[in-house]
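**Student:** let me see the structure of the following:
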Amino acid sequence: MNNVLLLIKANITNTLGLNRFLKEPSKSERTKMIFIGLAILLTIVVVFSSTLAYFLMVADVLVQLNALPLLLVVSFINVSLVSLFMSIYKASGYLFSFKDYDLLMSLPVKTSEVLISKLLQLYNANFLVSIIIGLPSLIVYGIKSSSEITYYIFALIAMFFIPLIPMIIGAAFSFVLGKVATRFKSTNIVMIIGTFVLIILLMVVPSFMNNISPEFIQDITGLIDTLSRAYFSITLYVNALVDIHILSFIGFVLVGMIPFVFFVTIFAKGFKSINSKMNERFKSSSYKMSSLAVSSPLKALYRKEISFYFSSYIYVVNTAIGVIMMTIFSVGIGIFGGEKVAEVLSIPMLSQLLVPTSIAVLSICICLTCTTASSVSLEGNKLWIIKSLPLKTIEVMKGKILVNLTIIIPALILNTMILAVSFKMTPVLYLLLLGITTLYAFLISLIGIIVNLYLPKLEWKSYMVVVKQSASVIISMLIGVILVAIPILIYIFIKPADFNLYSLFVILGLLITNLSLWTVIKTKGVKMFNKL
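**Tutor:** Numbers count the residues shown, from 1 in each chain. Down below sits the predicted model:
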């Protein structure tokens, strides 16, 4: 257990960058780190407060229907689904593709201890989100039901155990998929396809299961019984908090702990072999001598960047999710029509303003696809290699930007064509749709490079830390979403009579912004890269 605690301490220290903060000699750098920390904290407070306000409104309705315990059921399901999604999304990064694998395996610690430390690291990553989503509903239930202090103690402890089973399911899926992938030469392709298939199912299936009749809501007992057949923990959870039933509470804790212990016992045996095989690299045995191919520096850099991108399972899964969401949206409209998709996604404006809403949705999805926000950081301790080559720095920037455009543009063309056929757009309207979304693809690519140069993270142990948890990724996507929201809000407030004319102004604004950002990259960005 001491070894596990030491490993967890090292992981937390490295993830939070505590040593770097305490030993950073530059006051400006420490101020920047404090500012980023405060910004993240403010975001958490805002999201938590908004969630709390939402559940207060929901609770008023449930009280009138005499179904307040449904709030606990909703909380449990929300936390479980988010934990499952995040575990599938992140598990491989914590369990397979971590940079310190060779170092940890050489230490005098058991394989099971390394596995436990990595699982707890994954748990910590999920727990904060679980608290933000789940705790507000528990607080609201306690207030509305006038619960005593025992309820709050039980509820707080229960929050620690809700994510366990979904996390184990996600980790087990990653292990099974990793085991299957090791039987193929293209292990990354197998992992990527398998993960995206499950993510798509998790995103699509629940959307068609959100229609519950008022009569069903009023029968809270029937609802709990139905859900408990699929997930027995819900019954124990509700009984423990509603009736303050000590045996149900103990049972709930045990139901969460036993699968965790079982998982560690079983998969610790294959942990080392799977990681070893996942790190293998296959080369073609039918090598033939041929003439030496020569290409331009930009083309060579692009090939290097795109090859690295698709060789990293974590990089692909964490950056291509926006393209997947965009495709689901477009294909859904193509198959079911705008009205059905609007009903499923709870976007009433979609059926009334099909084209403007589609542009907004596609643009947001594009801004969630940003490989450049971590591309500089991923160079890590090998950054000196690319800096020592006889290349212009701006060519390096272009190579990284082209990778992001390669991921977005082909999918964007396909999706816009689906929407154009579905909505029977005129050629002018289609060109406006394609123009705005394409400019957003350039915009997020440029923003990602600039933010990553300002906030590089060159010391890391896992790709996951860089492509999912670094400040540059979060800030880049946040800026992108804000820049999408600005023309949307302007459109809502001024309500222009001519949508085509308004779209032309948006295109002009995006062109000016992109040219300005490119100028920043060519001047200040090049200098910042050379100083790294």
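**Student:** now do stretch 488-495: everything it contacts.
**Tutor:** Stretch 488-495 has contacts (CB atoms under 8 Å, 6 or more residues apart in numbering) with 356, 360, 502. (Each C-beta comes from the backbone N, C-alpha and C, glycine too.)
**Student:** would you mark the buried spots in it?
**Tutor:** Neighbour-count burial for stretch 488-495 flags 488, 491 (criterion: 16 or more other CB atoms under 10 Å).
**Student:** so V451 versus E113, what's the distance?
**Tutor:** According to CB to CB, to the nearest Å, V451 and E113 sit 37 Å apart.
**Student:** between the two, tell me which one has more neighbours.
**Tutor:** Comparing V451 with E113 by other CB atoms under 10 Å, the one with more neighbours is V451, at 26 against 20.
**Student:** SS state for A67?
**Tutor:** The three-state label given to A67 by DSSP: H, G, I helix; E, B strand; the rest coil is coil.
**Student:** looking at the contacts of stretch 488-495, which has the most residues close by?
**Tutor:** Going by other CB under 10 Å, A360 tops those with 21 neighbours.
**Student:** enumerate every residue touching that one.
**Tutor:** Going by CB under 8 Å, 6+ apart, A360 touches 484, 488.
**Student:** tell me the secondary structure for it?
**Tutor:** Three-state call for A360 (three-state DSSP): helix.
**Student:** and it, how far is that from I486?
**Tutor:** 11 Å.
**Student:** what's the closest of the contacts of stretch 488-495 to L95?
**Tutor:** A360 (36.6 Å; CB to CB).
**Student:** kindly provide the distance from that closest one to L107.
**Tutor:** 51 Å.
**Student:** buried residues of stretch 371-391, list them for me.
**Tutor:** 371-380, 383, 386.
**Student:** ok, residues contacting that stretch?
**Tutor:** Stretch 371-391 is contacted by residues 297, 301, 305, 308-309, 315, 319, 396, 400-401, 403-404, 407, 444-449, 451-453, 456-460, 463, 466-467, 470, 472-473, 475-477, 529-530, 532 when judged by CB under 8 Å, 6+ apart.
**Student:** averaged pLDDT, it. What do you get?
**Tutor:** The average pLDDT for stretch 371-391 rounds to 83.
**Student:** so that it lines up with my notes, have the first residue be 557 from now on.
**Tutor:** Right, with 557 as the first residue, what we last looked at is stretch 927-947.
**Student:** export it to PDB, keeping only CA atoms.
**Tutor:** Extracted C-alpha coordinates of stretch 927-947, given in PDB (Å, rounded to 0.1, in the frame of the first residue of the first chain):
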ATOM      1  CA  THR A 927      -4.700  19.000 -32.900                       C
ATOM      2  CA  THR A 928      -2.500  22.100 -32.900                       C
ATOM      3  CA  ALA A 929      -3.400  23.000 -29.300                       C
ATOM      4  CA  SER A 930      -1.100  20.200 -28.200                       C
ATOM      5  CA  SER A 931       1.200  19.700 -31.200                       C
ATOM      6  CA  VAL A 932       4.100  21.700 -29.900                       C
ATOM      7  CA  SER A 933       3.800  20.200 -26.400                       C
ATOM      8  CA  LEU A 934       3.900  16.700 -27.900                       C
ATOM      9  CA  GLU A 935       7.400  17.300 -29.200                       C
ATOM     10  CA  GLY A 936       8.400  17.000 -25.500                       C
ATOM     11  CA  ASN A 937      12.100  16.400 -24.900                       C
ATOM     12  CA  LYS A 938      12.700  15.800 -28.600                       C
ATOM     13  CA  LEU A 939      11.900  19.400 -29.500                       C
ATOM     14  CA  TRP A 940      15.600  20.100 -30.000                       C
ATOM     15  CA  ILE A 941      15.700  17.700 -32.900                       C
ATOM     16  CA  ILE A 942      13.200  19.600 -35.100                       C
ATOM     17  CA  LYS A 943      14.800  22.900 -34.000                       C
ATOM     18  CA  SER A 944      18.300  21.700 -35.100                       C
ATOM     19  CA  LEU A 945      17.100  20.800 -38.600                       C
ATOM     20  CA  PRO A 946      17.800  23.200 -41.500                       C
ATOM     21  CA  LEU A 947      14.200  24.300 -41.700                       C
END
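**Student:** and that stretch, how far from the chain's centre?
**Tutor:** In terms of CA atoms, centre = their mean, to the nearest Å, the centre of stretch 927-947 is set 24 Å apart from its chain centre.
**Student:** and the residue nearest the centre of the chain, what element?
**Tutor:** With distances taken as CA atoms, centre = their mean, the residue of the chain nearest its centroid is N874 (5.9 Å). Remark: N874 resides in helix 869-875, with elements defined by DSSP states H and E.
**Student:** so is I963 in a helix, a strand, or just coil?
**Tutor:** Put simply, I963 is helix when judged by three-state DSSP.
**Student:** tell me how far it lies from V1022.
**Tutor:** Here the criterion is CB to CB. By it, I963 lies 17 Å from V1022.
**Student:** the more surrounded of these two?
**Tutor:** The neighbour count for I963 versus V1022, taken as other CB under 10 Å, is higher for V1022 (29 against 24).
**Student:** please report how far that one lies from I964.
**Tutor:** Computed as CB to CB, the V1022 to I964 distance reads 20 Å.
**Student:** and what of E704?
**Tutor:** According to CB to CB, E704 stands 54 Å off from I964.
**Student:** more crowded one of the two?
**Tutor:** Between E704 and I964, counted using other CB under 10 Å, the more crowded position is I964 (27 against 10).
**Student:** list the contacts of the more buried one.
**Tutor:** For I964, the contacting residues are 879, 922, 925, 997, 1001, by CB under 8 Å, 6+ apart.
**Student:** compare those residues and tell me which is most surrounded.
**Tutor:** Going by other CB under 10 Å, I922 tops the contacts of I964 with 31 neighbours.
**Student:** list phi and psi for the nearest residue to L1067 once chain neighbours are set aside.
**Tutor:** Closest residue in space to L1067, ignoring its immediate chain neighbours: L995 at 6.6 Å, by CB to CB, 6 or more residues apart in numbering. Per-residue torsions, L995: phi -60, psi -30 (degrees, to the nearest 10).
**Student:** ok, now P625?
**Tutor:** According to degrees, to the nearest 10, P625 has phi -60, psi -20.
**Student:** that one: how many residues sit nearby?
**Tutor:** Neighbours around P625, by other CB under 10 Å: 20.
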